[in-house]
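Peer 1: what follows is a predicted protein model with its sequence.
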Amino acid sequence: MTRATPPLPAAQQLRQAWRLSWKLYKHRDVPLWAQLCVPLGVALLVGGSLALAGLISQGRLTQPRAWAWALFENLVIAGCVSFTIFAAYRLLERALPEALLNRINADRGWRAALLHTGLNLSMVVLGGALGLSLLGLLLQMDLWGQLIRRPGVLQEFLFIALLCTTTASLLFWWHERREAEALRVTEAQFKLLQAQIEPHFLFNTLAHVHCLMDEEPARAKQMLEAFTDYLRSSLGQLRREDGRLGEELDLAQTYLALMQTRMDQRLRYEIELADPALRELPLPPLMLQPLLENAIHHGLEPQASGGRLQLRVQAQEGRLELSVQDDGQGLDAAARRPRRGGQGMALENIRARLASRYGAAAALSLEPAPGGGTLARLSLPLP
C-alpha cells in the first residue's frame, strides 16, 4: 500500500507561505489557508498599529469605545489593502508566462525591487480606495466627500503608503541578497561534495576491480570497461553548473551499467524517456545520480537477491517529472540501519540546490513505492 508523504506542520507551512509571498510562482505547494493567513496577518498588524498610533496622537488610549472604532476603521482599510495586494500577485501569476515569472524571480537587483515597489504602491492606493468605499457603505457615511474636504488626510495616507512600500521593498532587496549569498554557499558546498564523491567512488571501484582480477579476470575486465565508459561520460560534466537532461541520462546509463557489473547481475534496471525531445531540456548536473545511488546502496544492494530499478522521465502539465523507483528494502528498513558518514547529505544538497534555483516551483519527495521499495520523485518547472 502506498503511503502519502506526511504534510508539513502548520507552523512550517505558515513560514513557507510568508517566505514565498514575495515571489511569483505558477505552482505553490503551500495550502490556500496558509497563503490567506499572510495578508490577514499583515492586515491585523498594520491596522492595529495605525489604530494605536491614532489613539496615542488623540490622547484616547483609555477609551474602549474609541478603541473599537479605531480598530474597526483601520482594520477594514488595512484588510482591503492587504488582500488587494495578495489578489494582484495571484492574478499576475495567472496572466504572465512561467518563463517570464522565472526571469523576474531570478532578478535579485534593483529592477525587481522597483517592480515590487510599483506594484505594491499602486495596489495600496487601489486597496485604500476600496477600503474607504466599503467603510462608507458599512457606516452609511459619505467618506469620500469628507476626504475631499480634508486633503491633509489623503496626503497622510499617501505618505504612509509610500513609507510602507519603500520599507517592504528594502526588506525584499535585503532578503534577495541573503538568498543570493545562500545560493553561492550552496554551490560551493556542491562543488565540495563533488570533490568528495569522485575520488571516493573512483577508489572503491578500482579496489573492487583489483579484487576480481585474480578470481574473475573476465568480470574484472568487463567492470573496468564499464568504469571507463562512466568516466568518459562524466568527464567535464560534473564540473559545470548547468547541463542538459540528455547528459544526465547518459551518465545514469553508464553508472547503472557499472553497478550492474559490480553487483554480478543482481541489479536489473530500466530507463524510460517519454519523449526524446526532453533530452535537450536544461538540468543542473548531479541531480539523478544521488537518487540512483540511494536506491542501490540503501534499497537493493543489502538484499541477497538484489532487485529492480526504474528511472522514468516525462513532461506532465507543464512540469518535468523524474522518478527513481526500486523494489528494495524500503524507507523503514533504511532508517533502521546504522547511518554511514554523509548519509542523507546528498538529498539535502539536492533540496538546497532546487530551492536556490527554482524556489517553491521544484520539489524532491521520497515515499514508499507500490508493492514495496522506495519511490523518489523530482519535479521541476518546464522552461
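Peer 2: Yep, it's here.

Peer 1: surely residue 226 forms part of a helix?
Peer 2: Yes. With DSSP: H, G, I helix; E, B strand; the rest coil as the criterion, residue 226 is part of a helix.

Peer 1: ranges for the helices of the stretch 251-383 of the chain?
Peer 2: Applying DSSP state H, counting those that start in this stretch to the stretch 251-383 of the chain gives helices spanning 289-294, 330-336, 345-358.

Peer 1: from residue 367, how far off is residue 27?
Peer 2: 19 Å (Cβ to Cβ, to the nearest Å). Placement of C-beta: from N, CA and C, glycine included.

Peer 1: ok, residue 159 next?
Peer 2: Relative to residue 367, and taking Cβ to Cβ, residue 159 is found at 52 Å.

Peer 1: neighbour count: those two, which is higher?
Peer 2: residue 367 (15 against 10; other Cβ atoms under 10 Å).

Peer 1: so what's that one bridging to?
Peer 2: Under DSSP bridges, the beta-bridge partners of residue 367 are residue 375.

Peer 1: distance of it from residue 303?
Peer 2: 20 Å.

Peer 1: so who does the closest residue to residue 253 other than its chain neighbours touch?
Peer 2: Residue nearest to residue 253 in three dimensions, not counting chain neighbours: residue 271, with 6.3 Å by Cβ to Cβ, 6 or more residues apart in numbering. Going by Cβ atoms under 8 Å, 6 or more residues apart in numbering, residue 271 touches 249, 252, 253, 256, 310, 311, 313.

Peer 1: next one: phi and psi at residue 286?
Peer 2: For residue 286, the backbone dihedrals (degrees, to the nearest 10) come out as phi 60, psi 40.

Peer 1: about what we covered before: what's the closest of the contacts of residue 271 to residue 165?
Peer 2: residue 313 (43.5 Å; Cβ to Cβ).

Peer 1: what's near enough to touch that closest one?
Peer 2: 245, 249, 271, 272, 273, 274, 278, 320, 321, 322.

Peer 1: quickly list what the last one is bridged to.
Peer 2: Beta-bridge partners for residue 322, by DSSP bridges, are residue 313, residue 378.

Peer 1: again with the third one
Peer 2: With beta bridges defined as DSSP bridges, residue 271 has these partners: residue 311.

Peer 1: show me the shaky parts of the chain.
Peer 2: 1-8, 108-109, 169, 172, 175-176, 179-212, 214-216, 219, 229-242, 333-346 (pLDDT under 70).

Peer 1: domain parsing of it, as residue ranges.
Peer 2: Here the domain parsing of the chain from automatic domain parsing is 10-182, 216-381.

Peer 1: returning to what we had before: filter the contacts of residue 313 to the buried ones?
Peer 2: For those, a burial check counting by 16 or more other Cβ atoms under 10 Å picks out 245, 249, 278, 320, 321, 322.

Peer 1: how many residues are close by residue 289?
Peer 2: 19.

Peer 1: hang on, isn't it packed against residue 252?
Peer 2: Yes. At 6.6 Å, residue 289 counts as touching residue 252 under the criterion of Cβ atoms under 8 Å.

Peer 1: specify the local secondary structure of residue 24.
Peer 2: Going by three-state DSSP: residue 24 is coil.

Peer 1: can you report how many residues neighbour the residue lying closest to residue 362 once chain neighbours are set aside?
Peer 2: Counting by Cβ to Cβ, 6+ apart, residue 362 lies nearest to residue 354, which is 4.2 Å off, once chain neighbours are set aside. When counting by other Cβ under 10 Å, one arrives at 21 neighbours for residue 354.

Peer 1: numbering from 13 from now on, please.
Peer 2: I'll keep to 13 as the first residue from here, and by that count the last item is residue 366.
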